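*Asks:* 3D model of this:
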Amino acid sequence: MPPLQFGPTTPKLLVAAFVGATVVAGAVRAQPAGGLIGEPLAVAERNELFTFFNLAETGRQTCGGGELLGFRPTGAQFHALASVSVVTDAKGDIGAMILMLDRSFIDDPANGVFARDIAKSFLRDVSGPSPGAIVARLAAEIEAGAASSGTVIYQSGAAPAPPPGPPSAAYRVFLGGDPSFLAISGGEALGVANGSRQGHPELRLSLARPPGPDCAIGDVPG
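*Replies:* Numbers count the residues shown, from 1 in each chain. Next up, the predicted model:
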């Protein structure tokens with residue numbers, strides 16, 4: 001099967017966002033029991049990535065032998081800024097998940113902390129409690145950057161310290177300094193890429209079971 005493909009018809013990757021009262025200081029999320037790659041879609045829909053960030057399905061289409069499903073947050077504040085898509089195989093198991101964040105969301109001085117929270121939650125929930133070293137470091141770098149912003153979303157002990165050393169190659173892409181990064185981490189393909197959709201600069205985070213979905217990823221309705 002060919003690897004995940006991105007291009008002008010990259011899907012409306014639909015991500016979770018806070019809604020109203022769910023964005024409060026002191027809210028603490030539990031760690032996921034296991035990763036989502038290889039699990040049925042129903043398992044993902046019960047995961048806190050979907051429930052905490054209020055993801056709702058917007059559409060689906062055929063993708064190789066499986067399906068491509070799009071999800072958006074139900075809250076209006078981040079509805080157009082974050083998105084997530086799920087690619088399933090012929091058995092209905094998840095082969096890949098992709099998160100797309102508008103760069104203006106990540107770089108916003110006030111709301112960037114929420115973009116970071118969604119990104120690190122995506123990495124940790126999709127990969128599970130034992131991610132590969134590259135995924136774990138990227139999630140930690142994103143979380144430490146959110147903690148240093150001065151805006152508090154949740155508090156669970158002391159604020160995390162950034163990993164030692166210079167920013168990783170994956171994190172440099174997240175910050176917008178480099179175009180793309182791809183590696184195998186913990187048996188999963190991690191992709192981080194800067195691109196654009198309809199003229200808007202966007203960041204894409206993807207985790208997939210190699211070699212990836214058996215289709216090119218196109219737009220999801222809705």
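*Asks:* so who does the spatially closest residue to Gly112 that is not a sequence neighbour touch?
*Replies:* Leaving aside its chain neighbours, Gly112 sits nearest to Ile106 (5.5 Å; criterion: C-beta to C-beta, 6 or more residues apart in numbering). Bear in mind the C-beta positions are built from the backbone N, C-alpha and C, glycine included. Going by C-beta atoms under 8 Å, 6 or more residues apart in numbering, Ile106 touches 112, 115-116, 119, 174, 176, 203.
*Asks:* Take these and keep only those in strands.
*Replies:* Leu203 (DSSP state E).
*Asks:* Restricted to buried residues, select the contacts of Ile106 in PyMOL.
*Replies:* One line in PyMOL is enough to select the buried members of these, burial here meaning 16 or more other C-beta atoms under 10 Å:
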select buried, resi 112+115+116+119+174+203
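*Asks:* which of the contacts of Ile106 lies closest to Glu45?
*Replies:* Nearest to Glu45 among the contacts of Ile106 is Ala119, at 19.9 Å by C-beta to C-beta.
*Asks:* per-residue pLDDT, the closest one?
*Replies:* pLDDT for Ala119: 96.
*Asks:* so it sits right up against Phe105, yeah?
*Replies:* No - counting by C-beta atoms under 8 Å, Ala119 does not reach Phe105; the two are 10.0 Å apart.
*Asks:* Which parts of this protein are helices?
*Replies:* Secondary structure of the chain (DSSP state H): helices located at 41-46, 48-51, 103-107, 112-127, 133-147, 169-174.
*Asks:* I'd like to know which elements the fifth one is packed against.
*Replies:* Spelled out, that is helix 133-147. In this structure, helix 133-147 makes packing contacts with helix 112-127, helix 169-174, strand 180-185, strand 188-197, judged by 3 or more C-beta pairs under 8 Å, 6 or more residues apart in numbering; DSSP states H and E.
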